[in-house]
Every structure is written in C-alpha cells, then in structure tokens.
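# take this sequence and fold it.
(6 chains)
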There are 6 protein chains.
Amino acid sequence: MDGKGPIAAVVPGSFDPVTSGHLDIIERAAGSFQRVIVAVGANPSKNPMFTLSERCEILHEVCGPFPNVEVDILDGLLVEFARSHGALVIVKGLRAVSDFEYEFQQALMNSHMAPDIETFFLMARPEHLFLSSSLIKNVASLGGPITGLVPPTVERRLLDKIE
Amino acid sequence: MDGKGPIAAVVPGSFDPVTSGHLDIIERAAGSFQRVIVAVGANPSKNPMFTLSERCEILHEVCGPFPNVEVDILDGLLVEFARSHGALVIVKGLRAVSDFEYEFQQALMNSHMAPDIETFFLMARPEHLFLSSSLIKNVASLGGPITGLVPPTVERRLLDKIE
Amino acid sequence: MDGKGPIAAVVPGSFDPVTSGHLDIIERAAGSFQRVIVAVGANPSKNPMFTLSERCEILHEVCGPFPNVEVDILDGLLVEFARSHGALVIVKGLRAVSDFEYEFQQALMNSHMAPDIETFFLMARPEHLFLSSSLIKNVASLGGPITGLVPPTVERRLLDKIE
Amino acid sequence: MDGKGPIAAVVPGSFDPVTSGHLDIIERAAGSFQRVIVAVGANPSKNPMFTLSERCEILHEVCGPFPNVEVDILDGLLVEFARSHGALVIVKGLRAVSDFEYEFQQALMNSHMAPDIETFFLMARPEHLFLSSSLIKNVASLGGPITGLVPPTVERRLLDKIE
Amino acid sequence: MDGKGPIAAVVPGSFDPVTSGHLDIIERAAGSFQRVIVAVGANPSKNPMFTLSERCEILHEVCGPFPNVEVDILDGLLVEFARSHGALVIVKGLRAVSDFEYEFQQALMNSHMAPDIETFFLMARPEHLFLSSSLIKNVASLGGPITGLVPPTVERRLLDKIE
Amino acid sequence: MDGKGPIAAVVPGSFDPVTSGHLDIIERAAGSFQRVIVAVGANPSKNPMFTLSERCEILHEVCGPFPNVEVDILDGLLVEFARSHGALVIVKGLRAVSDFEYEFQQALMNSHMAPDIETFFLMARPEHLFLSSSLIKNVASLGGPITGLVPPTVERRLLDKIE
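This is a model prediction of the structure:
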C-alpha cells in the first residue's frame, strides 16, 4: 500500500504539445490518486500543430514512467468522460489570475452539470509559470531554445514540424 | 469500499467562527479523502471573537455528521502539523483573485519547505463567494440577519457574544 | 408612481443567445429605470450562431413580461445609439475581473466620446457567474444540459440549431 | 423636468477625508438620481483623522453646490440606512481590481439581506485612480502637495491637523 | 552630458497603428536611455490594418522629434533583436492586470532565453489606460472621434483606410 | 566603460528584513544603472522586527559586493529623497497582481508630484514569487527553515531575534 487512494482522477487539456508544466501536474496527480486518466481534448477552436493521435502518442510516451497514468481522447463533455472512466475527480493546474477565472467558470459549469464530480486545482511550480503550449510553439518557430520547457521527444517532434 | 482514498487531508483555517462556506469545503474534502483533519490556527495577528477551544468545540459539533473528520489545534507550521497527522495533502477553498494570490504564496512556501506535501484547491460554491468570518461578525454586530450563512449553533453563539 | 425614474438606460450586448444572466441584468435595469433599451450588437468579430434578427426576435419574446423594455439593433457607436434613443445611461453586468478590465476600458472610451453619458455596472448574481453565451453554446453542442441557464425558448432554438 | 429620476440613491463611505475622487462619484450620482444621500460611516476598524461630525461638516460644505445631495451618519447596516432614507439604490465607485473584489463581496451580502436594493457601480475617472484618503493623508503628513487631490477646504483642514 | 545612460533599450510592439499611449512610452524610454530602438513586430496572428512598412513609416514620422529613437522591423526573437542592436534592456508599458500577466509570461520566457537582458515596465499614464490599437480602429471604423488618441498623421491615415 | 548609464536609481522598501528577492532586485538595478541608492523606509504603520539602523547595517553588509550601491534612510517623500540623491529613476519589483495595483497607485501619485521622475518595474524571478518579509518572519518564528530565502547574515540575526 503506497498511500494513494483508490479514486481515479482526470487531467484534461489539449496538450498541443504537452509541456514540462503539464507533465508536472500529471505526475503530481499520479502521486495522489490511484489512477489518472489524461483526457486529450480536440479543442476545435484552435488550429492544432499536432493531430489528436500524435498528441496521444506523445502523452503515452512521456507518461510511460507513471504506471497509473492512462491516456484517452476527450470528444464530449468532460464530466461524462470522467464518469465513463470511473473518475469523480478532475485535476487542473493554475498558473495565473486569468487561468483562475477561466477555470472557475469551467468548474462551476461542471459542478452544475455533475455535482458529484469534484475539481481540484494544483498551483503550477514557479519555474513553469511562463510555460504555455502556444508560447513554446511561437518561440520554437522563431528558432528559440526550448530545451527543458518540453519533454525531449516533444522538442524533437516540434523541430521536425517546423522544418 | 466507498470510493474514498486512504490519504488523509488537512483543512486549515482560523474558523473564527466557522461559516457555511468553510463547512462546505470540509464536507467536500471529507467526500474525497479517507480522513480529514481540520487544523484550527491561533491566528495571532487578529483579535479573535471566539477562543481557540470554543472554535474547536464548535467545529467538533458541526463536523459531527462526518465520521471521517477530526479537529485539532494548529500551533506550529502547517506542513509539520500535516506530517504529524499522517497527511500528505492540504485542502483550501478559493473564493476570489485575492484569495488566489495569498494562497499561491502560502502553497509555494509550503512546497519549498515540504515538497512531498501537496496543496489542492477547491473553488467555493457561488452562494458562498461573499462569505467571510469577519464580514459575518460585522453584519451580526450591526443586527443584520446571518441565518444560513453560518451553522445554527454558530448563529446562537454569535448572538450571545454580541449581546 | 412606481419609484422608477424617467431616465432611459441602454443594456448593450451581442446576446448570441441571451442567457439567464443577461435576462437578470435586463430585469434589474427595468426595475430601476423608466425605459430600458436592449441594444443588440452585430459583433462582427465573431461567427454568430443566431442572426441579428433571430436574436432580436428572441429578446422581444423573453422581455415580453417587462413592459418598459424595448429591443433595437446597434449598428454604430453605442454612445450614439444611446443618444438617439434618449438615454443617458448605459447598464452593464460584471462577472469577473476580466470583465471588469474590459468594461473599464470601454467605459473610459465612451466617457471620452460622450462625457454626458454615464455607465452603471451591476454585479452578476452568484448563480450566473459561470454563464456566458459561448460556454452555453459549447455545452449544448456536446449534448450537455442547459435547462435553467437560458430562457426556455432559447433552449429549444439552440437544440434546433445544433441538430 | 431635468431628466433625473425620482429614485433616491445612497453613496456610502468613511470619507476621512473626502477626496476629489469621492466628490466626483457624488456629483455623478447627483446627476442621475433625484436625491442622493451621502452615508458617512464610522469605520470602527480605523483610527480616523477627522471625527464623524467633522467629516459630515466637510461633506455638507463641499456638496453645497448640489442641491439634491444630503449628508447623514451611517451607524448601522447600510441596507437599513438606505431603506430608512427611502432609497433603493446604492452607488459605489470602483478604482481597481482589489476594489472590485471587496465591493463584489459587499454587494452580494447586501443583496442577500435586501434583494430589493440594487448596487450600481461607477468607474473612477482615470485622473482619480490613484486617489485614496489614506494615501493623501500619508502624502500630506510628509509635506507633499495635495492641491487638486482634495477640495480646497479639505486641504486647509488637513494641513491644520498635521501642524 | 544630459543625464541619459549609454544603454540602448528596445520598445517592442505591433503598432497597428501607434497610439498616443505607445508614443508616451517611447518618449519616456527616450528620456531615460541613450538609444531607443522601436521594434515593429509582424504579429502574424492578427490581420493588420497597416502593412509593416506603413507602420515603420508612421513610427519614423512620429518619432522624428526624438533624435535618439530608431525604428526597425522585428522578424525573429525579441531577445536576438535586442542583442543584435546592442541593447540589454527591453521597455514595455503596462495598462492593466491582463497586460501584467501576459507581459510577466513574456518577460520570464525572455529571461529564460537571455538572462543578461532585463525587461523594465512603465505604467501607462491614466489618460492612456483605455487606449489600444484595436479599440481605436473599432471606434474609427464606426465613425467615432479619435483626435488626441493617436498622433495626427495616424488619424489621417486611419480615416483614409476606412473610407 | 561597462555598459551602465550615469543615471542614479532609487530602490525603496522597508526591508524588515531584506530577503533574497529584494537583493535580486537591487543587484539587477545595480547592473543597469551607474548608481543605486537603497532607500530604507521607516514604515510607521508596522511594528518592525529590526530597527531602522539594524536594517541599514544589514543592507550595507549584503550590498557590499556591489560597489555602486549605497544605502540611506528614507524619512520623507520618496520623490524628494530621489531628487536630493540626484536620482531620476525609481526601481520596484513586482511579484503579483496585488503588488501591481498598489505600486500602480504609488507610481501615479509620485508621477503627479514629480513628473520628471520615472518609475521602472522589474518582475520578480519565479523562485522569489512567494517571498515576503512578513511570511519569512512568520515561518522563522514557527521554527521553519529559511535558508536561501534570506541572505545568511539575515538568517542568523532573525534566529537571534526569535530566541
């Protein structure tokens, strides 16, 4: 028995691509919950750099070291995804006040739709506060260094995409 | 098996007095963790209305319906309180941006002192967004209605104190 | 005499579609001002779900119970719309810090253009804090429940659009 | 008929002392409502520079040009003050995000206690964004210039107090 | 010797078009640094009203009175632009909390990439708090007055574009 | 010639005691300006742990490695202190939105009193975001570890004070 509970938690995101900040939230969730399911959203409002299946493939690879982490595609309501995966907890990272307000709105709506599902927030580590998938894609496209900001496999794939 | 994990969580506060908003956070924590320890802080910077032992007595009473909730006095570092109670999780409620910044600072400091202890944040319910112990004490002292904003026992005790 | 002033107030928005939160602001404005004109903006930067005339039709229907509320299309500067409708007051709802900053900027610009026109802000009710037209459209498109978040006629029309 | 409604509005504050920013909010309220009652609060948590009666005297003097403005002492709940003065509207100025959150909490509590009383917010003018009674007292006590930041009578009285 | 240091500073932006607020930041930077280089970014995510070369031409014209200000196109990483221009300082204006968070993220990323380059922030003047290129374009396109909000040459060119 | 300008800059604070975050801002200012004067304010509203002369002594010691940094007591208006020390620049660190709003107010007031003096803001490094003198005093008084959060001499003196 390792101190983790039997509760499954969902960590949702669009992960286009997964950053070191996302991975830290996933790892911390994996340390507190018995099962963690990463929910990879299609995010239809953005023009993605990586396809949904590429993003899942990357997440499978970088989450390999965490045996209690699964990856699945989110193509409906998050609260239904959680229920169908046996999870009553959603875990989200917070970086800034603007995150706070957006996530507050999402959490209230989810709580309205599914009062039995709880959303827990984790504060991003200080060294991850400036990380976002879009800023990293922007820096990489201008030839800037991204080592350490994303997992090594993401760095390679990002540079391949840009070339 | 009830879906709760074996992890113990600490819910800290000064609870002078406990409000319906505090109680909601305690109840939600009690629904997700196997054991919840409410840590009642002395809060030396404020002139309390209720003594520490009164606050503990009230919390024992209002947490009665939740068999997995304990109450204890916090008289040192929160992270040491957590460890000595076998808890690796701290749970805090967030109501507003100003809460967010204060709690962010506290969570970063706690994480610096005890990287193995995780802080999870819960968003307050909309109907609790305007609740704070000090605003309730202020309203009660001016003769305003506080029914529903605090548990019934707190309402009685508050009115006794004010008379 | 019902306690309302002779002043006319404008409640602007894109209302694509009107939510229960919008309707609450309109109703509260209608309780304080003698005439309320709902200004339906074209909002050229977004791809609307409902046409301008559909949005006006819906607003006429849901504002039916308020005899002092009119609906009109806003196709120029808001301050000119207000003046041409004999209104010296703009009423806006505020939900969050991000609303606050955007509305602050708009109010300052309007005050620069028309110092005689005053903008009054109303805080959204707690139960409406998480409502926005775009979130509701997103939830509805994923099959989520929106009953109570929008007027019944909007619920029916939204489901028709999505099918 | 001057375009103002019959509705009375309350403008509350501690006004220790009244600043040019406060006066602007009072004047704008006086332009939109038929009667404005300035409610001067005792503010027991602060060590005031001016007594309640001095603050009322100053407000009477500086509000002289506005025939529809009255001044009265607030020594209970604001919503009861409003009702006893026949006012169903509270008007408050907003300068910053921190104001916004504090006032949001107050407005929600007031709405909980008195759903029939509405709070309207006015954004401070840009040139008043940096004004607060405490900052002005601090600057004046250090010999800094406060001309224009407070009405002339306040400037004289402040300098008298400091000497 | 005029009290200015030998340090060159970069003032970046998309300047589509330059506003009176931008010009104030450039002028204040020119008062504190020996050389100021305005970096005109392509901003690929927006549909610009003025081409890059038009924006540079306008900036050359309005910065004419400041002999120590140069204008150049930014088409890569800002930190590399700064280095290649011999500048170790970036100067940015801040208007609001949302600016603060975005600029915080940018400054942290730039500091990660180039620890030797420092970002200094200047608070916008109160009268410029409501100015943004996009709001001005919106107001102008609706026939609103923009005199004073942009330099005269920008006003003429904006009206030409809109006609 | 070392790339620094001849401009003197003031870094104000109460420094009760100086933290690693303060020291970082002083060091970064010392890297960009020819002379830096640390202005140690009496901060009459707080009950200090270290006397003004202790705080100056500590600052002299920890600023020893920076030959262009001086330390002096601030006992009047900051803008007059700056002028009397031949400085036209004030440098302040920003950690959070609440800092931003407070500092914005101060900077606007200073600019009103002394338009020729400019305030530049530096963002705190991520690892210093959670540091404040009061939090560190609180942690130390509860026996928590503060190594690295303050300079070694401050750590020793803090522990002496607490014993």
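
# residues in contact with the residue of chain A found nearest chain E?
Using Cβ to the nearest Cβ, the single residue of chain A nearest to chain E is residue A:130, 3.4 Å away. C-beta coordinates here come from the backbone N, C-alpha and C atoms, glycine included. Residue A:130 makes contact with E:104, E:105, E:106, E:108, E:109, E:112, F:126, according to Cβ atoms under 8 Å, 6 or more residues apart in numbering or on different chains.

# most neighbours among those, which one?
Within the contacts of residue A:130, most neighbours by other Cβ atoms under 10 Å in any protein chain shown means residue E:104, with 26 neighbours.

# okay, and that residue sits in which element?
helix E:97-113 (DSSP states H and E).

# how about the residues of chain A by chain F?
A:97, A:126, A:127, A:129, A:130 (Cβ under 8 Å from any Cβ of the partner chain).

# among the residues you listed, which pair sits farthest apart?
A:97 and A:127 (18.8 Å; Cβ to Cβ).

# got a list of contacts for stretch A:146-156?
A:17-20, A:23, A:58, A:61-62, A:131, A:136, A:139-140, A:158, E:112.

# show me which residues of chain A sit near chain C.
For chain A, the residues in contact with chain C (Cβ under 8 Å from any Cβ) are A:76-77, A:79, A:97-98, A:101, A:104-106, A:108-109, A:112-113.

# change it to 7 Å
A:76, A:77, A:97, A:98, A:101, A:105, A:108, A:109, A:113 (Cβ under 7 Å from any Cβ of the partner chain).

# in TSV, list these along with pLDDT and distance to chain B.
Conversion of those to TSV gives the following (pLDDT from 0 to 100; distance: Cβ to the nearest Cβ, whole Å):
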residue	pLDDT	distance to chain B
A:76	93	23
A:77	96	18
A:97	71	5
A:98	70	10
A:101	79	8
A:105	89	10
A:108	91	6
A:109	94	11
A:113	94	14
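
# could you find the closest non-adjacent residue to the residue of chain A found nearest chain C?
Proximity of chain A to chain C (Cβ to the nearest Cβ) peaks at residue A:108, 3.4 Å away. Take residue A:108 and drop its neighbours on the chain: the residue closest to it by Cβ to Cβ, 6 or more residues apart in numbering or on different chains is residue C:130, 3.4 Å away.

# picking up where we left off before, surely the residue of chain A closest to chain C is in contact with residue B:126?
Yes. Contact criterion Cβ atoms under 7 Å: residue A:108 and residue B:126 qualify, at 6.4 Å.

# any residues in contact with both of the two?
residue C:129 (Cβ atoms under 7 Å, 6 or more residues apart in numbering or on different chains).

# all strands of chain A, in order?
A:5-13, A:33-41, A:69-74, A:87-94, A:118-123 (DSSP state E).

# mean neighbour count added to these, as TSV?
Listed next are the strands of chain A as TSV, based on neighbours: other Cβ atoms under 10 Å in any protein chain shown:
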stretch	mean neighbour count
strand A:5-13	22
strand A:33-41	22
strand A:69-74	18
strand A:87-94	22
strand A:118-123	24
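
# to chain D, which of those strands lies closest?
Of all these, strand A:87-94 comes closest under Cβ to the nearest Cβ, at 17.0 Å.

# what's residue A:131 in contact with, if anything?
Residue A:131 neighbours (Cβ under 7 Å, 6+ apart): A:19, A:20, A:21, A:149.

# closest point of chain A to chain D, which residue?
residue A:97 (8.5 Å).

# tell me which residues touch that residue, please.
Applying Cβ under 7 Å, 6+ apart, the residues contacting residue A:97 are B:97, B:100, C:97, E:97, E:101, F:97.

# residue ranges with poor pLDDT in chain A?
Counting by pLDDT under 70, chain A contains low-confidence ranges at A:1-6, A:43-46.

# what does it have sitting close to chain E?
A:96, A:97, A:98, A:129, A:130, A:135, A:139, A:142, A:143, A:144, A:145.

# mind doing that once more with 8 Å?
So chain A meets chain E at A:96-98, A:129-130, A:132, A:135, A:139, A:142-145, A:149 (Cβ under 8 Å from any Cβ).

# looking at those, which two lie furthest apart in space?
A:97 and A:143 (31.2 Å).

# quick check: the nearest residue to residue A:135 once chain neighbours are set aside vs residue A:104, distance?
Excluding its sequence neighbours, the residue lying closest to residue A:135 (Cβ to Cβ, 6+ apart) is residue E:109, at 6.0 Å. The gap separating residue E:109 from residue A:104 is 25 Å, by Cβ to Cβ, to the nearest Å.

# what of residue A:30?
The value you get for residue A:30 to residue A:104, if Cβ to Cβ is used, is 25 Å.

# kindly indicate which of the contacts of residue A:131 lies nearest chain F.
Out of those, the member with the shortest distance to chain F (by Cβ to the nearest Cβ) is residue A:21, at 11.7 Å.

# need the contact list for residue A:10.
By Cβ under 8 Å, 6+ apart, residue A:10 lies in contact with A:36, A:37, A:38, A:39, A:78, A:81, A:82, A:85, A:87, A:89, A:90, A:91.

# go on, residue A:75?
residue A:42.

# against chain B, how distant is it?
Residue A:75 sits 26 Å away from chain B, going by Cβ to the nearest Cβ, to the nearest Å.

# same check on residue A:137?
Relative to chain B, and taking Cβ to the nearest Cβ, residue A:137 is found at 26 Å.

# again, but for residue A:63
Distance from residue A:63 to chain B, by Cβ to the nearest Cβ: 18 Å.

# quick check: chain neighbours aside, which residue is closest to that residue?
Per Cβ to Cβ, 6+ apart, closest to residue A:63 is residue A:69, 4.3 Å.

# ok, now which ones touch the one you found?
Residue A:69 neighbours (Cβ under 8 Å, 6+ apart): A:26, A:30, A:36, A:37, A:38, A:63.

# between those, which sits nearest chain F?
Scanning these for proximity to chain F, where the rule is Cβ to the nearest Cβ, the winner is residue A:26, at 20.2 Å.

# name the nearest residue to that closest one, sequence neighbours excluded.
Using Cβ to Cβ, 6+ apart, the closest residue to residue A:26 is residue A:11 (5.4 Å).

# that neighbour bridge partners, please.
Judged by DSSP bridges, the bridge partners of residue A:11 are residue A:38.

# surely it touches residue A:91?
Yes. Counting by Cβ atoms under 8 Å, residue A:11 touches residue A:91, with 5.1 Å between them.

# between the two, what contacts are shared?
The contact lists of residue A:11 and residue A:91 share A:25, A:29, A:36, where a contact means Cβ under 8 Å, 6+ apart.

# quick one: end-to-end distance for stretch A:56-67.
16 Å (Cα to Cα, to the nearest Å).

# got a list of contacts for it?
Residues contacting stretch A:56-67 (Cβ under 8 Å, 6+ apart): A:15, A:17-18, A:23, A:26-27, A:30, A:36, A:38, A:40, A:50, A:69, A:71-73, A:151, A:153-154, A:157.

# just the buried positions in it, please.
Of all the residues in stretch A:56-67, those buried under the rule 16 or more other Cβ atoms under 10 Å in any protein chain shown are A:56, A:58, A:59, A:62, A:63, A:66.

# how far off centre is that stretch?
Chain-centre distance of stretch A:56-67: 12 Å, with Cα atoms, centre = their mean, to the nearest Å.

# cool, and stretch A:102-114?
17 Å.

# cool, stretch A:98-106 as well?
15 Å.

# do the same with stretch A:123-134
Distance, centroid of stretch A:123-134 to centroid of chain: 12 Å (Cα atoms, centre = their mean).

# so for that stretch, first residue to last residue, what's the gap.
Span of stretch A:123-134 from end to end, Cα to Cα: 20 Å.

# quick one: residues contacting the residue nearest to residue A:107 when sequence neighbours are not counted.
Sequence neighbours aside, residue A:119 is the residue nearest to residue A:107 in space, at 4.3 Å (criterion: Cβ to Cβ, 6+ apart). Taking Cβ under 8 Å, 6+ apart, we find residue A:119 in contact with A:89, A:90, A:91, A:92, A:103, A:106, A:107, A:110, A:111, B:122, B:123.
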